[in-house]
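Peer 1: coordinates for the following, if possible.
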Amino acid sequence: MDASNNEKIIALLIDGDNVPSEYIDAIEQEATLLGRVTHKRLYYTYDDGIPNKWEDKLNPHSLRPVQVMPYKKRSAKNKTSTVKNVADAALIVDAMDIMYQGNVNTVFIVASDSDYTIIIRRLKESGIYVIGAGEEKTAHAFVKACNEFKYLEDLKKTYSAEGVKETEAQAEENKKKSKPKTNGAKQGKKPNERTQPQPTTEKPAAVEEEDEDRKITIPKTDINNYIVKIFEQEDKNILDSGTIMQRVKGQYPSFNWKDYNGVEKSYDFYDPKLFTVIQPTREHPHINVMYPAQKK
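Peer 2: Have a look, this model is predicted:
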């Protein structure tokens, strides 16, 4: 494999059946930033044209289309047929082929379902670094299986001109604007208005084990505790911030410091009660972190 300085040689594999084409600019820019992309393939189940408006994105983004003919299940009652999307199977087979060819060290799978969990585990067993990306509805099993996972909504904000992060003041102002007007008085019930029972939106306790339709945001206290463990394992009181963040991503694939309020830069994430951030100097060009925090 022609790779130097631990450069990532990336195979970018996109499930076009469940990923909208609107994310391709952000996906491509992120992949290019991470390493050298040698494979760019779009998988889709062809029934009546390429789904999710991908057709106009193929040539501009040099995507190699991989068409898979669908299996149709015909109903005897109403004589209609339903199409089973099978593009995921083709993507999985190609991922295995790419792994055995030995030309890449990183596979970047873009999808939003859990069909790829097993292949991700197999790739990792063979020393392939797996990056995943999908919408916030992505199944948790897929997110947790990857070495690193990126939410497409976050990538789109990062690489979009409209994606400038709001300041806290702007966010508060936008909240005020979005509140419905009440004409300065509380609206009461009409004299003869009957009180109707309101439907509950709470989930029963048994269903709360895993919410598969929500983005995973790890509590900051869990991250802080894990960083403390890193210092204890290394038996050092100063570590490079980049190394720490990489270790955190290894433990929590969906971790993104931008998800936390008040964190404008990665080193703002560190709790000043626990850690002291040491800014770079000529002698030490990297941002370092000290634990325990330096006493002021």
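Peer 1: do you know how far Q101 is from A11?
Peer 2: 10 Å (CB to CB, to the nearest Å). All C-beta spots, glycine's among them, are computed from the backbone N, C-alpha and C.
Peer 1: which residues in the chain form strands?
Peer 2: Here the chain has its strands, by DSSP state E, at 9-15, 36-45, 64-68, 71-74, 81-84, 106-110, 129-134, 148-151, 238-240, 276-278, 288-290.
Peer 1: ok, back up a step: more crowded one of Q101 and A11?
Peer 2: A11 (25 against 11; other CB atoms under 10 Å).
Peer 1: I figured the more buried one hits T38, correct?
Peer 2: Yes: at 6.7 Å, A11 and T38 qualify as touching, with contact defined as CB atoms under 8 Å.
Peer 1: please enumerate the shared neighbours of these two.
Peer 2: V104 (CB atoms under 8 Å, 6 or more residues apart in numbering).
Peer 1: what comes up buried for stretch 123-137?
Peer 2: For stretch 123-137, burial by neighbour count (16 or more other CB atoms under 10 Å) applies to L123, I128, Y129, V130, I131, G132, A133, G134, E135.
Peer 1: burial count for the residue nearest to the third one when sequence neighbours are not counted?
Peer 2: Spatial nearest neighbour of Y129, chain neighbours left out: T106 (4.6 Å); criterion: CB to CB, 6 or more residues apart in numbering. Using other CB under 10 Å, the number of residues around T106 comes to 24.
Peer 1: so T106 makes contact with L34?
Peer 2: Yes: applying CB under 8 Å, one finds T106 in contact with L34, separated by 7.5 Å.
Peer 1: which residues are common contacts for these two?
Peer 2: K8, I10, I131.
Peer 1: isn't the first one right next to T106, touching?
Peer 2: What it means is K8. Yes: counting by CB under 8 Å, K8 does reach T106; the two are 4.3 Å apart.
Peer 1: what's the overlap in contacts for the two?
Peer 2: In contact with both K8 and T106: L34, G35, Y129, using CB under 8 Å, 6+ apart.
Peer 1: next one: the second one from K8, what distance?
Peer 2: Look at G35 and K8: by CB to CB, they are 3 Å apart.
Peer 1: those two: which is more packed in?
Peer 2: G35 (19 against 16).
Peer 1: tell me the confidence at that one?
Peer 2: Per-residue pLDDT puts G35 at 92.
Peer 1: relative to Y43, how far out is it?
Peer 2: Taking CB to CB, one finds G35 at 21 Å from Y43.
Peer 1: least confident secondary structure element in this structure?
Peer 2: Within the chain, no helix or strand scores below helix 168-178, which has a mean of 48 by mean pLDDT, DSSP states H and E.
Peer 1: roughly how far does T276 sit from V130?
Peer 2: Distance from T276 to V130, counting by CB to CB: 34 Å.
Peer 1: equivalent analysis for P272, please.
Peer 2: For P272, the distance to V130 - CB to CB - is 34 Å.
Peer 1: can you check I9 too?
Peer 2: If you go by CB to CB, the gap between I9 and V130 works out to 13 Å.
Peer 1: and what of D222?
Peer 2: From D222 to V130 the distance is 23 Å (CB to CB).
Peer 1: and if you look at F231?
Peer 2: In terms of CB to CB, F231 sits 27 Å off from V130.
Peer 1: ditto for S114
Peer 2: Taking CB to CB, one finds S114 at 14 Å from V130.
Peer 1: and the pLDDT at the closest residue to Q67 other than its chain neighbours?
Peer 2: Spatial nearest neighbour of Q67, chain neighbours left out: Y46 (4.6 Å); criterion: CB to CB, 6+ apart. pLDDT, Y46: 77.
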